[in-house]
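In: My questions concern the predicted model and sequence given below.
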There are 2 protein chains.
Amino acid sequence: MRMDPKQRCAVIETLKVFSAKWKPCILSYLFTESKRYGELQRLIPNISRKMLTQHLKELCADGLIERKPFPTIPPKVEYVISEKGKSLQPVFRVLNTWGVNNLDNVCSTEEMIAT
Amino acid sequence: MRMDPKQRCAVIETLKVFSAKWKPCILSYLFTESKRYGELQRLIPNISRKMLTQHLKELCADGLIERKPFPTIPPKVEYVISEKGKSLQPVFRVLNTWGVNNLDNVCSTEEMIAT
DNA sequence: CTGCATCCCACTAGATACTG
DNA sequence: CAGTATCTAGTGGGATGCAG
């Protein structure tokens, strides 16, 4: 079988799930520990709230992370990596290794991806 | 070190290199054998010449494939996977496996990626 | 056959202001 | 604090025509 664009190719669909502009960055932070909305905003200074909200929603919809709201005042929401999300760590590790071995002037993120 | 968007993160840079819209598809065909420009166009019916040309150029510039022009009449150009390009096969395999295990209604492309 | 140049549209994502 | 709504600029990518 070929990588027919009319079919839902596993490679391409996998890329769609986590390779949007800020998703690798968001996931990388959640790999190590849960974060609140505002924490992610501070950690990723260039992201707009709109994009942060949108990407978090999509990651939730795809089951890679979970949203944990606390009905306190002021409100508090934690985002947690799911088991399915954790299963992406080996994928990230492979991408990181390839980049380190084949690209110039890139920073390894191995420590970050390490469990 | 964190996946700082201001740095050239290995994971993100790696994704940039091969995850543009049609690049996985192009690479998948070249993994198995060299193809001519027109063959790729026929194999990927939905791609425009503009995008095919542009993606082939970028893949050349990144050293993933090589362009072999034959000064015949009419002209003939072959595109060949490079060693660096071949080194992406394990990456594709990991992405394929993750998709098959974690997504619904996706087609495995294992046979294609197989050497 | 293998491209390049141009025009154009749709969508992405940034900026800003507002809300429970 | 954690979002939502709206407007807009920039970009990706398709269609078409021309060229070596």
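Out: Arrived safely.
In: Give the helix, strand or coil label for residue A:104.
Out: Here residue A:104 is recorded as coil under DSSP: H, G, I helix; E, B strand; the rest coil.
In: Phi, psi for it please.
Out: With angles defined as degrees, to the nearest 10, residue A:104 sits at phi -100, psi 150.
In: neighbours around it, how many?
Out: Other residues within reach of residue A:104, judged by other C-beta atoms under 10 Å in any protein chain shown, total 7. Where C-beta positions appear, they are placed from N, C-alpha and C, glycine not excepted.
In: gap between it and residue B:27?
Out: Taking C-beta to C-beta, to the nearest Å as the measure, residue A:104 and residue B:27 are separated by 21 Å.
In: And residue A:58, by the same measure?
Out: 26 Å.
In: What residues sit buried inside stretch A:60-73?
Out: A:62, A:64-66 (16 or more other C-beta atoms under 10 Å in any protein chain shown).
In: now do the same end-to-end measure for it.
Out: 24 Å (C-alpha to C-alpha, to the nearest Å).
In: Would you point out which residue is most central in chain A?
Out: Chain A has residue A:27 as the residue nearest its centroid, 2.6 Å off, counting by C-alpha atoms, centre = their mean.
In: any idea which element that one lies in?
Out: Per DSSP states H and E: residue A:27 is located in helix A:23-32.
In: what does residue A:63 give?
Out: Applying DSSP H and E, one finds residue A:63 in no helix or strand.
In: so what's it up against?
Out: Neighbour list for residue A:63: A:82, A:84-85 [criterion: C-beta atoms under 8 Å, 6 or more residues apart in numbering or on different chains].
In: who wins for most neighbours among those?
Out: residue A:85 (20 neighbours).
In: ok, that residue touching residue A:65?
Out: Yes - applying C-beta atoms under 8 Å, one finds residue A:85 in contact with residue A:65, separated by 5.5 Å.
In: What residues of the helix or strand in which residue A:53 is found count as buried?
Out: Assigned by DSSP H and E, residue A:53 falls within helix A:49-61. The neighbour-count check on helix A:49-61 (16+ other C-beta under 10 Å) flags A:51-52, A:55-56, A:58-59 as buried.
In: try stretch A:72-89
Out: A:78-79, A:81-82, A:84-85, A:88-89.
In: So what would you say the end-to-end distance of that stretch is?
Out: 32 Å.
In: right, is that stretch up against DNA strand C?
Out: Yes - contact of stretch A:72-89 with DNA strand C (C-beta under 7 Å from any atom of the strand) involves A:74-75.
In: Would you mind measuring from the residue lying closest to residue A:70 once chain neighbours are set aside to residue A:39?
Out: Nearest-residue entry for residue A:70: residue A:76, 4.3 Å, with adjacent residues in sequence omitted and distances by C-beta to C-beta, 6 or more residues apart in numbering or on different chains. From residue A:76 across to residue A:39, the span is 11 Å (C-beta to C-beta).
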